[in-house]
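> could you look at this predicted model? Sequence included:
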Amino acid sequence: MDWLVVTPQMIAVLFFVAMLASFIDSIAGGGGLLTVPALLSAGLTPAQVLATNKLQAVGGSFSASLYFVRRGAVLLREQRLNIAMTFIGAVCGTLLVQHVRSDFLRQVLPLLIIGIGLYFLLMPRLGEEDRQRRLYGLPFALVAGGTVGFYDGFFGPGAGSFYALAFVTLAGFNLAKSTAHAKVLNFTSNFASLLFFIMGGKVVWSVGLVMLLGSICGARLGARMVLSRGQKLIRPMVVIVSVVMSSKLLYEDYGAAIGHWLTHLFG
């Protein structure tokens, strides 16, 4: 895969897709809904898609994380243990996914994502302000960092939403603060996974670097919106992304079977 294979028009499309996806991802997660199909349409193999998508995701998550840190929304010294557990979890997940099938997780994932959307929808006051913390130290780092990091390395879709949910429910952070901290851990797990994809030689650099630039631009804009608009923006975005993501996954897994059943029933 090189510049002669991917046309300039496709490169431009991928840049803007990455920018939009990263903007959405910075606020609610789920940017892969746009970037993965776009990379597949560009002619990359599934392995190249996963690797190249991690490269562009690293750019977006780093840009948003840097913005949140510089604005004082995240204090890195307080997140060292969470970051370490996230990195370890993501490495373990990335190693494991190369040896086992993820079909079962793919079937369960839509239900988990629907649950996140309903949780935010049915609890309108959730994340309005900081609340009492439920988990501290290593236990929290293992759940919010290690477990979600493992999932991100093993499978990935919706990881940003899972990180944010952990900070809201277990750390008691408000929604904007949770989103900011989630992006730091999301960058950590993206970076850990990317290292192994680079070693495997699967990253298509000419495409990935262009998308990385677009991702940086979109993420910076999204991060600004998080701190300026806060809960009023994040909550509806989480619900919308959860519905779209779960619908897409359900269609991919069961669309053919449903279509065959309807054809048999009415045909």
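Yep, it's here.

> for stretch 205-213, list the C-alpha coordinates in PDB.
Extracted C-alpha coordinates of stretch 205-213, given in PDB (Å, rounded to 0.1, in the frame of the first residue of the first chain):
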ATOM      1  CA  TRP A 205       2.300   4.800   7.200                       C
ATOM      2  CA  SER A 206       1.400   6.900   4.100                       C
ATOM      3  CA  VAL A 207      -2.300   6.600   5.000                       C
ATOM      4  CA  GLY A 208      -1.900   6.500   8.700                       C
ATOM      5  CA  LEU A 209       0.100   9.700   9.000                       C
ATOM      6  CA  VAL A 210      -2.300  11.700   6.900                       C
ATOM      7  CA  MET A 211      -5.200  10.500   9.100                       C
ATOM      8  CA  LEU A 212      -3.100  11.200  12.200                       C
ATOM      9  CA  LEU A 213      -2.900  14.900  11.200                       C
END
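
> rounded mean pLDDT for that stretch, please.
For stretch 205-213, the mean per-residue pLDDT is 93.

> I would like the residues contacting that stretch, please.
For stretch 205-213, contacts defined as C-beta atoms under 8 Å, 6 or more residues apart in numbering pick out 1-3, 6, 11, 14-15, 17-18, 35, 39, 42, 44, 51-52, 55-56, 58-60. C-beta coordinates here come from the backbone N, C-alpha and C atoms, glycine included.

> tell me the buried residues in that stretch?
Along stretch 205-213, the positions that meet the burial threshold by neighbour count (16 or more other C-beta atoms under 10 Å) are Val207, Gly208, Val210, Met211, Leu212.

> how about the secondary structure of the nearest residue to Leu142 once chain neighbours are set aside?
For Leu142, the nearest residue in space outside its immediate sequence neighbours is Met85; the separation is 5.9 Å by C-beta to C-beta, 6 or more residues apart in numbering. When the structure is split into helix, strand and coil by DSSP: H, G, I helix; E, B strand; the rest coil, Met85 lands in helix.
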